[in-house]
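1. this one's structure only:
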């Protein structure tokens, strides 16, 4: 897949595209409906499809001290968009200049001049431009004289309400992995390079692949049944601690997956850890023996739960 931005020229072969426009963080059922409509439209007219996403997220610009909340990295979104059938991902750098751009200028600069777009698909609640002065109706009115058509896709709902990134974040904060996976259509996953740690896990028989949480949302701290995808495509089963490791000092926030029956060196490799089931909250143990006993029980439970994936 080609990754574009709003600075460098768009290749001629991608001009005249149909654009799916939104944040698409998480790429859940609602986002998939928007991108799916863009793909259907583009295929009908023989045009390429570009999925546009904002980075950083607008919230990060207006609330720089906001707690981490991302559900996907750019690399993850790129893979998800490609899997859906898009031809390119456009990363719109959201900065003060873009935030201050009036809706009309935004459409004419970004969609018409930069992309040469012929169609754009958004959700019904999409807003853009200075002071959120633009919405799907405004987008259509501004774009029409330039040959830019606009379509909207309504919200996707289930028995509990509208599917949204907020619902997914709330579920993960409660440790409800299964609920989040239903809305995402896949388990929530964190991707990052494996770091060197203090190697305490190795000394007690549970070597872990330590990953910094970065800008990802923090799910409920605790122990999870997980799978890990390696760069070569292999998928490993395991158990992971997410939290601050209260038994050890000083406290240090990490995602620490331990993969069953695996002993290869993963340092500096980028792996993706998927959260399947929450097992228990973090605890502080009085001794390493007590910790090891509990970890053995956690791994046995994780193995049992993950057998259902086969």
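-> Structure received. What you see is a predicted model, and the numbers here were worked out from it, not measured in a lab.
2. just for the chain, where's the confidence low?
-> Low-confidence regions of the chain, defined by pLDDT under 70, span residues 198-204, 246-249.
3. okay, domains of it per the record?
-> The chain is divided into the following domains under automatic domain parsing: 2-158, 183-309.
4. wait, which of the ones you listed is closest to residue 172?
-> Checking the domains of the chain against residue 172 by C-beta to C-beta gives domain 183-309 as the closest, at 4.1 Å. Heads up, the C-betas are built off the backbone N, CA and C, glycines and all.
5. hmm, back to that, got a markdown table for the domains of the chain, with distance to residue 167 and mean neighbour count too?
-> Shown next, in a markdown table, are the domains of the chain (distance: least, C-beta to C-beta, whole Å; neighbours: other C-beta atoms under 10 Å):
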| stretch | distance to residue 167 | mean neighbour count |
| --- | --- | --- |
| domain 2-158 | 9 | 18 |
| domain 183-309 | 6 | 17 |
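6. redo the ones you listed as TSV? Include distance to residue 173.
-> TSV is the format used below for those (distance: least, C-beta to C-beta, whole Å):
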stretch	distance to residue 173
domain 2-158	10
domain 183-309	6
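7. out of these, nearest to residue 169?
-> Of all the domains of the chain, domain 183-309 sits nearest to residue 169, with 5.5 Å by C-beta to C-beta.
8. what about residue 104, which helix or strand?
-> Using DSSP states H and E, residue 104 sits within helix 103-106.
9. continuing past that helix, what's the next helix or strand?
-> Sequence order places strand 119-123 as the next helix or strand after helix 103-106, per DSSP H and E.
10. continuing past that following strand, what's the next helix or strand?
-> Sequence-wise, the next helix or strand downstream of strand 119-123 (DSSP H and E) is helix 136-143.
11. tell me what angle that following helix forms with strand 119-123.
-> Here the directions of helix 136-143 and strand 119-123 differ by 170 degrees (axes from the mean of the first three to the mean of the last three C-alpha atoms, to 10 degrees).
12. hmm, who's touching the longest helix along the chain?
-> What stands out as the longest helix in the chain, according to DSSP state H, is helix 288-306. Contact with helix 288-306 is made by 204-206, 223-227, 237-239, 247, 258, 260, 276-277, 279-280, 283, 285, as judged by C-beta atoms under 8 Å, 6 or more residues apart in numbering.
13. chain center to it, what's the gap?
-> 29 Å (C-alpha atoms, centre = their mean, to the nearest Å).
14. do stretch 212-221 as well
-> In terms of C-alpha atoms, centre = their mean, the centre of stretch 212-221 is found 12 Å from the chain centre.
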